[in-house]
Every structure is written in structure tokens, then in C-alpha cells.
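Q: Here is my input, please return the structure:
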Amino acid sequence: MSKRKIQFFACMVLFALLGMSTLASAQWRKKKKVVAAAAPASDSTRKKEPPKIKPYKDVITKDMTTSRGFFTVHTSKDDKYYFELPDSLFNRDIMIVSRVSKASTEMRNGASGYAGDQIGETVYRFEKGPQNKIFMRRISFAEYAKDSSISIYAGLQKNNIMAIVEAFPVLAYSADSAGVVVDATDFLNRDNDNIYFQRAAFKARAGMGSQVNERSYIKTIHTFPTNVEITAVKTYTAGLNPTAACYTVELNASLVLLPVKPMQPRYMDDRVGYFGVAHRDYETNPQNVQYEVIARRWRLEPRPEDVEKYKRGELVEPIKPIVFYIDPVTPKQWVPYLIKGVNDWQKAFEQAGFKNAIYAREAPTKEEDSTWSIDDARHAAIVYRPSEIANAMGPNVADPRSGEILESHIFWYHNVMQLLQKWYLIQCAAVDPRARKPVFDTTLMGDLVRFVSSHEVGHTLGLLHNFGSSSTVPVENLRNKAWVEVHGHTPSIMDYARFNYVAQPEDNISAAGLYPRIGDYDKWAIEWGYRWHPEYKTAEEEKLALTKVVTDSLAKNHRLWFGSEMEQYDARSQSEDLGDDAMKAGMYGIKNLQRIMPHIAEWTVVPGESSLEMQHTYEVLFSQYARYLGHVMKNIGGIYHNVKLSTEAGPVYEVEDYARQKEAVAFICKEVLATPMWLNERSIVERLPMNFTIELSSLQIELINGLINRDRLSRIVNQEVNAKDKVYTIQEYMTDLNKGVFTEIYAGKNIDIYRRDLQKIYVSRLLEEATIAPDAYTMLGNYSFHMYISDLPEIIKDNLHQLQALCKKGMQNPALNKQTKLHLKELDDKITKKLKAPNDKDA
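A: Purely as a prediction, here's the structure:
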């Protein structure tokens, strides 16, 4: 067994890299001289004899084209490809990243099916095997131990053998006897799931079938010191797609040589939002399996000559800065703004001690660099996609051993600009006259593109969304011109807090107080992830020190709080919200929507065009209104999740405050249960192919389903268990909703058509929850099951009987008109029929 695999990890975490059936180089030198005859085998077990080892000059001839990199590729005139693998490469980790280089129109599937799509990311290793073969293994780092001398390490090796996915017969030894030559022609040409579509799901998503060999070929192979780039044109059958005869695409495979010594990992802290790489650790706790997660980060280190300056706190340039290239096909007017969006992060890295740590530049032309390619794994890029998809995203590729980010492709789809235009119009047109038009000026749209660029770059730096950041800002500060223009409306550009919709016209807030920006949290998170700490020799030592740094920082500055986008019940962590009070922020937001509504036609009409733009804008306004309601509703039955270390005092989970829940229900009753007739702007609605009654009913159905569902009701019931302070009880919740939905009956007034619809929706939903069959709970989860075994069913039934009595009382009121009484009788009959016991007989 070779000792290289042990030496490889001697300086840091030792992963269990298993199944290493390699032979020492000296043994191979001996085999070169004498090839032993294989023992006779039966017909059923006879193996194919490997080809005889030939002289180097007989395999690699002078007429071949040779390209030298971390391994050498030879290409013959008849398109045969030979890999010359040096001995130093064996047992080295090589990551193969595969992408669609040029896409086919037929392979579109939502946001996928475009140039730049990643279709594989796996680590492999070449090793020498028996019978003059070179094996290629697929390597996993899911499980590891740190100390190769302990028995756990050997146990992991024994139980985690890595698959041999390819076998290459050795054709010749290198001219200097320090490597081998193998034929890679078939490996490159066939439908290879190791370097092209590495998972069947990627092909299935594109609707592709099997490869058509006669219409597929290798286009180029470029070699570099740390990567080899293979571009292939591939034609596939249509598979299950009935609309396509076949697909022809261009694929790029980047073979990236990972460093011998991985970057020192930085263990995750859940109070700082980073993407992570997880491993099962069998060593840290000998009595339990630990799940260790390390943060994804680029490797930033000062130059050797600047180390002392860095330690003194002086800003220094890193050895290797983070550089993003702009896709050459990007529309030219947006290039400067995309570049600014990247460069904006420089001030965050300065807080980590580095200057000029990150920047963007235009891709070189062919005249400037004929070898440059956007698919080259050495290059991070912002890739433009001519697509109707209104989106952008910023993934990254990282070394699974250390979390080191190797490269990234940010995708921005052309139609994200339509989304930005509608967002800004609906959220800011009340305060910014520049937004009052269907096509924004280049400067305004450029600023919005810049914000998207910055946000996506944040992801490529390793940062998660911070949906809780905006909740640290008092709502009234969002109307304070001096404050918001200095600090911004959220401390993090990684929040989904698009624009300052709270600002009112009389506040006179400029664009500086309306746009998102890189804020306090972002700078702090970058400092946590990227400050270089040579004083800590191990990742464990560093973890202890940084844990204290985070604890102290959060104690001093609440604006650094991180709220995960995965928080299902915490009202502080929401998408598209602003401020620390959803009711107050929503009220200001609705005021602005009411200002905008009468002007939709004026601000969206394009001469000679249809009313489609006006309709789309109205729909976006309607959705924004619904979004404000959703922000408020999350407070009802809400549970705060305070991420704490085991040594920190105080509760991790806290019930939402009584007064806030009460206020949230009152807001819902006022803003939507009381019919929002301002949405029925006749000058707009009469020109659109839509029915306001139906649109409103759809919104109300969604709202009532959210207010009356098993999950929320169970949480409200659970608030009373072990309650120390006043809590919002289920009975009070039902009473408040009843008064909001049946306001007219309590007041002895007639009920209009909109409110009759609402009351039908409400009663139907209560009946649905009250009469669900016991068997239906088996698949509904813990909260749902709790509803069945708790007091909830009888509480809901009792509430329905109260509503039934209310309906009967209304039917006796002579002041009510016939239609109102018919409506009340229908509700009364519906409740009676639905709640009737199975053995009851009809009258």
C-alpha cells in the first residue's frame, strides 16, 4: 500500500479516503521490465488480456498534437486522444465540474436548460491497479476521522470503499519513465456519466435520451497547470420529449486539480449565515456520531511579504483576489452596473483586512487572449441568459474537503429586469417619480441591476439569505430621512427586503434610502468568514475563539442578528418584509399602494400596445398587497427561534407576544376581511379581462385557509401550556375572527355580496376542520395529530354552534333584507347538515 494517502492529510483533517488498492512506483518500474504470465482461467472467469506495453515512441508519434498541463493530452490526426498521467498525479483529488456550454432551445425546463447550467460536480482519483491498469475512483468525503492512527479510521476505510468507475489499460510508460500513457478516446466520446451529465436527473430534466454517437464529437481540449478543459458536442435522442426529434448541445468538463494541502476549514456557527459542507465525524465524540459542517469560503491569504502588515491591522492585497468576468454576450449598457455590484463588496472585505480582494472586469477578447473561455474552471463569471425567466442566482463550486470555493457562475436572466421594474414601481412609485413609467431610464434600471448583482455575489461568497435582518430596524426609522439614507433599510443585502416601501411621500427620502445595499451584517459576516487567523493552528482551536467573537458581537449589536429563511414560524424571518412591526409596515405599504392604484393606467400605457402591461402591473400590486397580509399573519401563533449555544442562558423558543398577535388579527379584520374596495378601481378594472369579485374571493380563500389550519390552531392551543404571561387563547382568537367576519350581524346590518362570499368561505373552512375523519390525521404530522387528540375539534364545533345561533338571531331581525336572511339560513342549514351525528335522522 502506498503511503501517499496518509501523507496527503498529515497537516489537517484526515478524511477516510478508502479503497486505495495502489502499487508503489518501484513495483511498477519492476513490472515494466518483466510482465508475469497470468494463471490459466476457466472460460467463465477468463479476463481479457491487457494490451502489451509498447515503447513510448510507438504510441505517441511525432505527428500528434500535444498539450501540456497538470497532465498531458496527445491528439492524433484521426482524432484519438491519449492521456499521459505523471506518477505525481496518482492518488491526487481531481474535481470534475461539468456544464452546458451551449444549450438547445428544446431543452428548456423552467430556469434550467441554458448555457452555464451545471450538470455535475464530483471528485475522482486516478490510481494504479493490477494487470497494467489505471483505475479511476469516485471519491466521497461524507465520513471522516481526523487521526489515521486510531481504529475508527481503519473501520471507516473498511466500510467505505470507493467505486472504480473507469479502467484504462496502460499502453506505454512516459519517455522519462515517470508516468503512463492511456487511451482516453472512448472515455471522452461515449455517453460518459463521469465527465458529462454526471447524474441521470440532469438529462431527464432536459428530456434527453441516449447519445447518438455518429453526431457527437470532441471539439477542443485545453490543458493548464491546475485544470484541463474538455469541450464536446453531443447529440442525444429526444427521450420522453414528444416535441423534439433530438438535441445537440455543447458540454464542458473541467478537471480541476485540488490542492495537496487543503485550506484550513472554518467550522460553521449557526448564528452567521454561510452555506456549508457537511461530514459525519466519528472521532470528536467517541460515543456519538457528530455532524460537522464547514463554511464555504474563498481562500484569501496575505502575500508572504505582507503578513506582518496584516497582523498589525494594515490593509493588504491577497495573494489571489476574487475576480468575476462579465459574460461577453452581456448587453453592453448593463456591464458597468454588474461590475459595480461586484466591486461594492470591497468595503466588506476591508473589514476583514484585505483591500482589492474582489473585483469584476470584462472578459478579454479573442485578440487579447485566445485561450480564455467562460467555461474555464479557473474563472468566476457573471453569465447572461436571454430568457423570459425573471430570476438570478449565484451558486458556487467548493472543495468538499475544506469548503474552499473554487469558482462560481452567477446567472442573471434577461427578464429579471421586468421583475425589478414592477417591484420598484409598486413599492416606490409613490415616492420616486422616476418609477412612474413602463420603461425605466438606463440609470435607474442600472442601479437595480447593480443591487441584484451584489446580492448574487454575496451567495457566491458563501452567504445565505438573511431573512431576519430587516426585523432589527424600527419601522419609524424607515421614514427618517437622515437615518435611513445613512444606514439603509436593512443591515443586509442578503435579505429579501427589496425596496423601502414604508417611506411616505412627505418623508422626501432619496434613492439612498430606498435601495438595498451592503450593510453592517454583510461586513461582519465577511469578516467572520474571511479574516485570516494564522494564530490558530487547528480548525478546532479557531472555532472556540470565533464562537466567543460571535457571542460578544451579537451582545453589542443587534443589527448583526441572522434569521434563516427556513424559519417556518418566526415572524422576524420573512421574505420581502421590512421593519420590526409587520402591522405598522404593512399599513404604510398599503397607503402607498392606494396612492399608486389610480395611476396604473397613466404610468404603464405604451402607445400602440395592448393593456397587457397595465394588467400585469395591477396583478403585481394585488400580489404586493397579499404579501403584506402574509407578513402580518405569520405573527398569529408565531414562535421566535433564538439560536443559542448550549452555554448561553435564556429560552431558545418563545411564543409571540399576546398584544402583537391580537394586533395582527385586528389588522387582518380591518385591511382584508372588511372588503378592500380600493382594489376595485373602476378606471383600471373595467379595462382588464378579470372579475374583481373572483379575484377577491381567491385572496380571501387563501387567507382563511391560512388563518384556520391545523398547524396554526395547534400552535395557538399550545401557547397556553406552561404559559407564564398572558397568552392569546384559541377561544379569543375564534371570537376575534367571528367579529371580523360577521361584523354586520353583530351590528344588525345587511350583508353585501363580497361579505356574503367571505362568510361562506369562513364557515366552510371551519366545517372542514371540525369534521375531518380520524384516519386522515395519520399523514398530517405532529401538529395535525395533536389537533385530533386535543380539544380543538370540540372548540371548533362549539364556535360553529355560536355562529349558527348568530345566524338564527339575524334571521329574526326585521331590519335585514331578504337576501341577507336567505344567506344566513343557508349558513344555518349548512352547519346543521355537516355537524349532524351519523345516527341522526332527517326531520
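Q: so Y658 touches K726, yeah?
A: Yes: Y658 is within contact range of K726, at 4.8 Å (criterion: C-beta atoms under 8 Å). C-beta here means a position set from N, CA and C on the backbone, and glycine is covered the same way.
Q: The two: which has the busier surroundings?
A: Using other C-beta atoms under 10 Å as the criterion, Y658 and K726 rank with Y658 on top: 16 against 10.
Q: Next up, phi/psi of the more buried one, please.
A: phi -60, psi -50 (degrees, to the nearest 10).
Q: okay, it: pLDDT?
A: On the pLDDT scale, Y658 is placed at 95.
Q: Number the chain from 290, please
A: Done: numbering now begins at 290, and the last item shifts to Y947.
Q: Now do the same contact list for it.
A: Counting by C-beta atoms under 8 Å, 6 or more residues apart in numbering, Y947 makes contact with D1014, K1015, V1016, Y1017.
Q: Find the nearest non-adjacent residue to the last one, please.
A: In space, Y1017 comes closest to Q950 once its chain neighbours are excluded; the distance is 4.2 Å by C-beta to C-beta, 6 or more residues apart in numbering.
Q: Which of the three states applies to the one you found?
A: Three-state assignment for Q950 (DSSP: H, G, I helix; E, B strand; the rest coil): helix.
Q: Next, count neighbours for it.
A: Q950 is surrounded by 23 other residues when neighbours are defined as other C-beta under 10 Å.
Q: Over to E656?
A: Burial of E656 is recorded as 6 neighbouring residues (other C-beta under 10 Å).
Q: so who does it touch?
A: Neighbours of E656 in contact, by C-beta under 8 Å, 6+ apart: none.
Q: Is it correct that L849 is in contact with S842?
A: Yes: L849 is within contact range of S842, at 5.6 Å (criterion: C-beta under 8 Å).
Q: Need the overlap of contacts for those two.
A: Overlap between the contact sets of L849 and S842, as judged by C-beta under 8 Å, 6+ apart, is given by W813.
Q: Please say which of these two ends up with more neighbours.
A: L849 (25 against 15).
Q: Mind listing residues that contact the helix or strand harbouring E581?
A: Assigned by DSSP states H and E, E581 belongs to strand 579-584. With C-beta under 8 Å, 6+ apart as the test, strand 579-584 has contacts from 554-557, 563-571, 573, 691-692, 751, 818, 828.
Q: Give me the buried stretch members for it, please.
A: Neighbour counts using 16 or more other C-beta atoms under 10 Å place E581, V582, I583, A584 of strand 579-584 among the buried residues.
Q: do the same with stretch 974-989
A: Judged by neighbour count using 16+ other C-beta under 10 Å, the buried positions of stretch 974-989 are L977, F981, E984, L985, S986, L988, Q989.
Q: Could you point out which of these is nearest to E856?
A: Using C-beta to C-beta, L988 comes nearest to E856 of the buried residues of stretch 974-989, at 24.6 Å.
Q: which residues touch the closest one?
A: Contacts here follow C-beta under 8 Å, 6+ apart; on that basis L988 touches F911, A915, V961.
Q: among the residues you listed, who's most crowded?
A: When neighbours are counted as other C-beta under 10 Å, the busiest of the contacts of L988 turns out to be V961, with 24 neighbours.
Q: quick one: contacts for that residue?
A: Contacts for V961 were tallied using C-beta under 8 Å, 6+ apart; they are L918, L988, Q989, L992.
Q: Check which helix or strand the first one maps to.
A: Under the criterion DSSP H and E, the helix or strand holding L918 is helix 901-922.
Q: Which two among the contacts of V961 are spaced furthest apart?
A: Top of the distance list for the contacts of V961 (C-beta to C-beta): L918 and Q989, 10.2 Å.
Q: what residue ranges in the stretch 740-889 of the chain score low on pLDDT?
A: Scanning the stretch 740-889 of the chain for pLDDT under 70 picks out no residues.
Q: which residues of the stretch 940-1089 of the chain fall in helices?
A: In chain order, the stretch 940-1089 of the chain shows helices spanning 947-957, 971-974, 981-996, 999-1007, 1019-1030, 1032-1036, 1042-1059, 1070-1078, 1081-1100, with DSSP state H, counting those that start in this stretch as the criterion.
Q: Out of those, the one nearest R601 is which?
A: When the helices of the stretch 940-1089 of the chain are compared for distance to R601 using C-beta to C-beta, the nearest one is helix 947-957, at 48.5 Å.
Q: follow-up on the earlier one: between the buried residues of strand 579-584, which has the least confident prediction?
A: Of all those, the model is least confident about E581, whose pLDDT is 87.
Q: A527 is in contact with S499, isn't it?
A: No: under the criterion of C-beta under 8 Å, A527 makes no contact with S499, lying 10.2 Å away.
Q: Neighbour count: those two, which is higher?
A: Using other C-beta under 10 Å, the more surrounded residue of A527 and S499 is A527, with 15 against 10.
Q: Kindly give the local confidence score, pLDDT, for Q487.
A: Confidence per residue is given as pLDDT, and for Q487 that number is 85.
Q: Can you tell me how far it is from D480?
A: 12 Å (C-beta to C-beta, to the nearest Å).
Q: Run through the residues that contact the residue nearest to Y1017.
A: Taking C-beta under 8 Å, 6+ apart as the definition of contact, the neighbours of Q950 are N924, I925, G926, G927, Y1017, Y1022.
Q: What about the second one, how many residues nearby?
A: I925 has 24 neighbouring residues, counting by other C-beta under 10 Å.
Q: go on, V605?
A: For V605, the tally of surrounding residues (other C-beta under 10 Å) stands at 22.
Q: tell me the contacts of it?
A: So, once contact is read as C-beta under 8 Å, 6+ apart, V605 ends up touching P591, R592, D595, K598, Y599, G642, F643, K644.
Q: try 7 Å
A: Contacts here follow C-beta atoms under 7 Å, 6 or more residues apart in numbering; on that basis V605 touches P591, R592, D595, K598, Y599, F643, K644.
Q: Nearest to L544 among the residues you listed?
A: Lowest distance from L544 to these (C-beta to C-beta) belongs to R592, with 28.5 Å.
Q: Could you measure from the residue nearest to that closest one when sequence neighbours are not counted over to R601?
A: On the basis of C-beta to C-beta, 6+ apart, the spatially nearest residue to R592 that is not a chain neighbour turns out to be I608, at 5.3 Å. When distances are taken as C-beta to C-beta, I608 and R601 turn out to be 18 Å apart.
Q: can you check V932 too?
A: For V932, the distance to R601 (C-beta to C-beta) stands at 34 Å.
Q: And the two? Which one has more around it.
A: Between V932 and R601, counted using other C-beta under 10 Å, the more crowded position is V932 (16 against 8).
Q: low-confidence ranges in the chain?
A: Residues of the chain meeting the criterion pLDDT under 70: 290-339, 434-440, 529-533, 573-575, 1062-1079, 1126-1132.
Q: mind redoing it with 50?
A: In the predicted model, the chain carries pLDDT under 50 at residues 290-333, 1065-1077, 1131-1132.
Q: So it: which segments form each domain?
A: Recorded structural domains for the chain (assignment: automatic domain parsing) are 293-325+340-550, 585-905+922-962, 980-1132.
Q: re earlier: which of Q487 and D480 has more neighbours?
A: Neighbours around Q487 and D480, counted as other C-beta under 10 Å, are more numerous at Q487. The numbers are 21 against 16.
Q: show me what contacts the more buried one?
A: Residues in contact with Q487, defined by C-beta under 7 Å, 6+ apart, are S387, I408, G409, T411.
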